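Visitor: next come a sequence and a model predicted from it.
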Amino acid sequence: MTITDPRDSIAVDENDQAESSDVDPTRICIGRVGAPPQKEATSTGFYFWIARDRLVETTQLVTCMSKIAGQIYPFHALVTEVYRQSRQRSMGSEVDVADGNVQYQPPFANDGFTYAAATILRTPVFTPPQERSPVYLASTDEARISYGAEDILAGRALEIGLIKNGANEVAGAGMIDLDYLLGTNGGHMNVNGSAGRGTKSSFLLFMNRLLLRRAQLEKVSRPSDNSRLRIVPIILNVKGFDLFHIDRWSNRYQPEKHLADWVALGINNPQPFQSVSFYAPAAQDPDIAVPTGRYGKVEPYSWSLSDVIARGLFSYLFAETDANDANFGSLVLDIESWLTKERVQSGETTRELRDDEGVPQTFRKLLDWVDNRGGQDDSKWRNHHPSTWKKLYRRLLKLVYECQGVLRIDEQTGAPLDVTRSDTSDPLVIDLSTLVGKPEIQRFVVATIFRQLVEVRTGSKAIPGMVYLVTLDELNRFAPKGASDPITKLIETVAAEMRSQGIILLGAQQQASKVSEKVIENAALRVLGRTGTLELDTPTWRFLSASAKSKATVLPLNEKLIIQDNFREPMHVRIPFPVWAMNPREVLSQAENTTDADPDDDIQTY
């Protein structure tokens, strides 16, 4: 008779169990799915308990491998919350363990456990994972799969930042699909963030830099390809002259601290913007721009009456409340029609100011003409009430005397902005901040830009592949919610209809709930910087999960939540620190500051 040591059978059983384990020994298993009552797994999320020796944090990406109906399926998920639970039934029991003495250390080990909630980002099946399924930390490739990177067509992915994977770790570069941004599957980007926290302008400049770099690389590699990407960045400066220094190095940029994030995105030697064209309102002298504090040339811009008529801009001169007055609006349209002479040449319609006798040729002459109620020509103007004429006179009088410089009062020619280009161009920075006390003329300048772009992109001479990026902060000023004035309608038209024509709005504001819903809803990419709870509680953000809203309220300055139409949850990314100055205080001294490109610079040698 042979006697077998019981320990031998136990050892054999344990070995058999180890050999049959479903845990991949080459990966870090951090826990297993649990699905007790009140914590059931669903097709959109699951809970998992965590191994005692593993650290799991919110924002981490995980992959659950679950065997369902005889086949193993991956569930790529985002940890939205981590919980710690003891086995005590109440807080009183917790106190009694130490008899209320905080200095007392119980002789037995902690018997609590940690578990986490995870939201499923990507999976090939619409069913929950099974309990006991192993959960692993996601690899870099799996992190990209979580946000649909494998579905992006070749050449259409843009690395936008480093995916956050816990407090101090990242999971490689996060990608967006350019087809969602540049017009194929959608268009436009909107950024929301609290004031004064660097959450909006810096990120939009970063986007301009990435897209401009992509276009310039394609220009070198495919110079004769008519379908290659062509980018023209048009950046509107709405606060001080902060963006008038983006071609200068920032004194806050520290290569030893910040360069690694740029390198992780494939940019080994980041540089400030190059060959930027700067524009500011003309001073009293039409050839000089208002002082900007910038070292270097700044071009003045202005419009005469003939410029306004030739570009069909007359109705944009007046405020929203005036434009919505039917009597006032009809008088403005009637006058604009009377002042305009149209010509058709080579299939193109052009406009110009009529030069007939009695037709005013300057703003001052127009003011005098309106004061006389259209020269008392009752047969032409009798349908308009005298009070409407007086209202128009008051509005014109205010424009003529408050907006001298931008509107050339006595000159027959001005220096209108021309933002159209025939190929990829370095940025155009246009100042609006000096007009902040004159909202009508500030909105007029914005309207002239959009009107010009709409005309050039819908005309017979539209260039294939050309994309105009219009960067505009404080969007609530120019397309407020509920407004129906011509400027708001123009921006809404751009948002709804012009993405396919290559006009892309990179808009920003502190509160998206204050902006035209048509503009916000047509942004296929939305970005959240740190945002207040009152804004996040509005219907505009109802689609966000509670976890995402909570995250948005505490985001550091260099982190953003990226929301693309095909993401189940926002992609949490860290953005590289800008190398260019974001305001005059950040500019390096003239001796230190140079933007001359190094021959080996991978951004400049396109």
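Guide: Received it, and whenever you're ready, just let me know what you need.
Visitor: going forward, measure contacts between C-alpha atoms and count neighbours the same way
Guide: Fine.
Visitor: which stretches of the stretch 301-450 of the chain form helices?
Guide: Ranges of helices within the stretch 301-450 of the chain are 305-310, 320-323, 326-339, 363-371, 378-381, 386-402, 439-458, based on DSSP state H, counting those that start in this stretch.
Visitor: right, so of these, which gets closest to residue 172?
Guide: Closest to residue 172 of those, according to CA to CA: helix 439-458, at 37.1 Å.
Visitor: now the next helix or strand after the closest one, how far from the centre of its chain.
Guide: Past helix 439-458, further along toward the C-terminus, the next helix or strand under DSSP states H and E is strand 466-472. Strand 466-472 has its average C-alpha position 12 Å from the chain's average C-alpha position, going by CA atoms, centre = their mean, to the nearest Å.
Visitor: quick one: strands adjacent to the strand ranked longest in the chain?
Guide: When secondary structure is assigned using DSSP state E, the longest strand within the chain turns out to be strand 71-85. Looking at strand 71-85 with DSSP bridges, its partner strands are strand 61-68 (antiparallel), strand 113-122 (antiparallel).
Visitor: hmm, who's touching the longest one?
Guide: Among residues not part of strand 113-122, those counted as contacts by CA atoms under 8 Å, 6 or more residues apart in numbering are 43-52, 56, 75-86, 145-148, 567-569.
Visitor: now, of those, which are buried?
Guide: Among the contacts of strand 113-122, those classed as buried by neighbour count (16 or more other CA atoms under 10 Å) are 44-50, 56, 75-82, 145-148, 568-569.
Visitor: name the stretch among the helices of the stretch 301-450 of the chain that sits most buried.
Guide: Highest mean neighbour count among the helices of the stretch 301-450 of the chain (mean count of other CA atoms under 10 Å): helix 305-310, with a mean of 23.
Visitor: I would like the residues contacting that helix, please.
Guide: Here helix 305-310 makes contact (CA under 8 Å, 6+ apart) with 314, 336, 339-340, 350-353, 361-363, 407-408, 412-414, 416.
Visitor: can you tell me the average pLDDT over it?
Guide: For helix 305-310, mean pLDDT rounds to 95.
Visitor: check stretch 465-485 too.
Guide: The predicted confidence, averaged over stretch 465-485, sits at 92.
Visitor: chain center to that stretch, what's the gap?
Guide: Offset of stretch 465-485 from its chain centre (CA atoms, centre = their mean): 12 Å.
Visitor: again, but for stretch 306-325
Guide: For stretch 306-325, the distance between its averaged C-alpha position and the chain's averaged C-alpha position is 29 Å (CA atoms, centre = their mean).
Visitor: could you do stretch 345-357 as well?
Guide: The chain centroid and the centroid of stretch 345-357 are separated by 39 Å under CA atoms, centre = their mean.
Visitor: quick check: residue 523 touching residue 190?
Guide: Yes: the pair residue 523 and residue 190 passes the contact test of CA atoms under 8 Å, sitting 6.0 Å apart.
Visitor: make sure residue 228 is indeed in a strand.
Guide: No: with DSSP: H, G, I helix; E, B strand; the rest coil as the criterion, residue 228 is assigned coil and is not in a strand.
Visitor: look at it and report its pLDDT.
Guide: Residue 228 is assigned 91 on the pLDDT scale.
Visitor: tell me which residues touch it, please.
Guide: 215, 218, 219, 222, 465.
Visitor: out of the residues you listed, which is most surrounded?
Guide: Note: the member of the contacts of residue 228 with the most neighbours is residue 215, at 23 neighbours, neighbours being other CA atoms under 10 Å.
Visitor: figure out the length between the terminal residues of stretch 239-249.
Guide: 20 Å (CA to CA, to the nearest Å).
Visitor: list the contacts of that stretch.
Guide: 237, 271-276, 278, 292-294, 429, 431-434, 579-584, 586-588, 593-595.
Visitor: could I have the buried ones of those residues as PyMOL selection syntax?
Guide: Once 16+ other CA under 10 Å is used to decide burial, the buried members of the contacts of stretch 239-249 can be selected in PyMOL as follows:
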select buried, resi 237+271+272+273+276+278+292+429+431+432+433+434+579+580+581+582+583+584+586+587+588
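Visitor: would you mind measuring from residue 268 to residue 159?
Guide: 14 Å.
Visitor: brain fart, residue 136
Guide: Relative to residue 159, residue 136 is positioned 25 Å away (CA to CA).
Visitor: a markdown table for the helices of the stretch 301-450 of the chain, including distance to residue 100?
Guide: Written out in a markdown table, the entries for the helices of the stretch 301-450 of the chain read as follows (distance: least, CA to CA, whole Å):
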| stretch | distance to residue 100 |
| --- | --- |
| helix 305-310 | 80 |
| helix 320-323 | 67 |
| helix 326-339 | 76 |
| helix 363-371 | 84 |
| helix 378-381 | 91 |
| helix 386-402 | 74 |
| helix 439-458 | 65 |
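Visitor: those helices: which one's closest to residue 263?
Guide: With respect to residue 263, and counting by CA to CA, the nearest of the helices of the stretch 301-450 of the chain is helix 439-458 at 35.0 Å.
Visitor: what's in contact with the closest one?
Guide: So helix 439-458 is in contact with 311, 313, 316-319, 399, 403, 417-420, 432, 435-436, 462-463, 468, 477-478, 487, 490-491, 494, 498, 501-503, going by CA under 8 Å, 6+ apart.
Visitor: ok, the nearest residue to residue 117 once chain neighbours are set aside to residue 33 distance?
Guide: Once flanking residues are discounted, residue 117 sits nearest to residue 47: 4.6 Å by CA to CA, 6 or more residues apart in numbering. Residue 47 sits at a distance of 6 Å from residue 33 (criterion: CA to CA).
Visitor: next one: residue 474
Guide: Here the distance between residue 474 and residue 33 works out to 46 Å (CA to CA).
Visitor: which of these two has more neighbours?
Guide: In this view residue 474 and residue 33 are compared by other CA under 10 Å, and residue 33 has more residues nearby, 25 against 20.
Visitor: is it true that that one lies in a strand?
Guide: Yes: for residue 33, which was evaluated using three-state DSSP, the result is membership in a strand.
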